[in-house]
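[1] Sharing a model that was predicted from the sequence below.
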Amino acid sequence: MSESDEPKLDFSAVLMSSVHDIKNSLGMVLNSLDETAALEPDEDSPLTEQLKRLRYETKRVNNDLVQLLSLYKANNNNFSANRDYLDVDDFFDELQIEYRPLLTYNKIELTTECQAGLSWFFDRGLLAGVINNVLNNEVLYGRDQVVLSAAEEDGQLVVRIDDNGPGYPQQMLSRSEARMGETDMISGSTGLGLYFSMLVANAHQNGERKGTIKISNGGSLGGGCFAIYLP
């Protein structure tokens with residue numbers, strides 16, 4: 001058998017399979033942390049505080065793995081949105097339950113605002129992943145107020161996350177969509193979170209219209225503003 005006839009290892013496929021297994025294991029860890037936290041009646045005890053921190057770090061890593069899997073699928077033309085018709089206010093309520101303990105632990109107030117009676121076709125898991133990424137960044141870079149809002153604008157569902165922090169750096173604001181996945185050698189930020197958000201937005205398509213994202217400074221709280229538009 002010549003070298004050309006020998007089977008070759010698809011390392012990227014093996015790596016992604018391992019990432020998927022790790023993600024599932026972290027999901028089990030998250031469930032165990034929630035069960036352990038439920039056994040502690042004192043929400044202000046040192047144990048509860050440590051569990052909240054552990055849950056945040058585990059959730060953050062799990063979200064990074066979800067993004068890696070999504071980017072791998074996109075690179076292999078296998079990334080798509082499984083959209084359902086969902087009540088946006090109910091969706092926000094679920095996010096509030098999940099993230100309020102973490103944000104409260106980090107002394108960040110989360111407020112939600114949703115247009116009355118708003119329902120839309122979107123992939124719940126993917127949109128939750130986008131919002132999760134932004135909220136995790138709020139813990140790292142934000143200040144103490146975050147507003148999560150949704151409304152219909154020009155035939156699109158627009159979900160915004162505003163904060164009262166320092167805002168996005170100019171180099172990020174000027175980066176085009178095509179360059180959102182590039183590595184910033186100065187700050188060390190890869191921009192993969194924004195690139196993932198862009199993929200999620202683009203995967204939501206209605207006719208010839210695709211979703212988009214936009215980042216800006218100012219917003220309702222004077223800090224950074226992230227917005228995703230889904231047709």
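    That came in fine, so what should we check first? This is a predicted model, so every value here is computed, not measured. Numbers count the residues shown, from 1 in each chain.
[2] Ile97 belongs to a strand?
    No. With the criterion set as DSSP: H, G, I helix; E, B strand; the rest coil, the secondary structure at Ile97 is helix rather than a strand.
[3] Surely Gly27 and Asn62 touch.
    Yes. Taking Cβ atoms under 8 Å as the contact criterion, Gly27 and Asn62 are neighbours in contact, 6.7 Å apart. C-beta here means a position set from N, CA and C on the backbone, and glycine is covered the same way.
[4] Would you mind telling me which of these two has more residues around it?
    Asn62 (20 against 14; other Cβ atoms under 10 Å).
[5] For the more buried one, give me its contacts.
    Residues touching Asn62, when contacts are defined by Cβ atoms under 8 Å, 6 or more residues apart in numbering, comprise Lys23, Leu26, Gly27, Leu30.
[6] what's the lowest-pLDDT member of these?
    Ranked by pLDDT, these bottom out at Lys23 (81).
[7] Wait, a helix at that residue?
    Yes. Checked against three-state DSSP, Lys23 lies within a helix.
[8] For it, which non-adjacent residue is closest in space?
    In this structure, Lys23 finds its nearest non-sequential neighbour in Leu65, 4.3 Å apart by Cβ to Cβ, 6 or more residues apart in numbering.
[9] Is that neighbour within a helix or a strand, and which one?
    helix 46-75 (DSSP states H and E).
[10] got the contact list for the residue nearest to Lys23?
    Val19, Ile22, Lys23, Leu26.
[11] follow-up on the earlier one: tell me the buried residues in the helix holding Leu65?
    Of the residues in helix 46-75, those with enough neighbours to count as buried (16 or more other Cβ atoms under 10 Å) are 48, 51-52, 55-56, 58-60, 62-68, 70-72, 74.
[12] again, but for stretch 152-171
    Applying a neighbour-count criterion of 16+ other Cβ under 10 Å, the buried positions in stretch 152-171 are 156-165, 167-169.
[13] got it, and stretch 110-120?
    Per 16+ other Cβ under 10 Å, stretch 110-120 contains these buried residues: Leu110, Thr112, Cys114, Leu118, Trp120.
[14] For these, work out which two are farthest apart.
    Between any two of these, the greatest separation by Cβ to Cβ is 21.0 Å, found for Leu110 and Trp120.
[15] Mind jotting down where the strands sit in the chain?
    For the chain, the strands defined by DSSP state E occupy 84-87, 109-114, 119-122, 145-153, 156-163, 205-206, 209-210, 212-217, 224-230.
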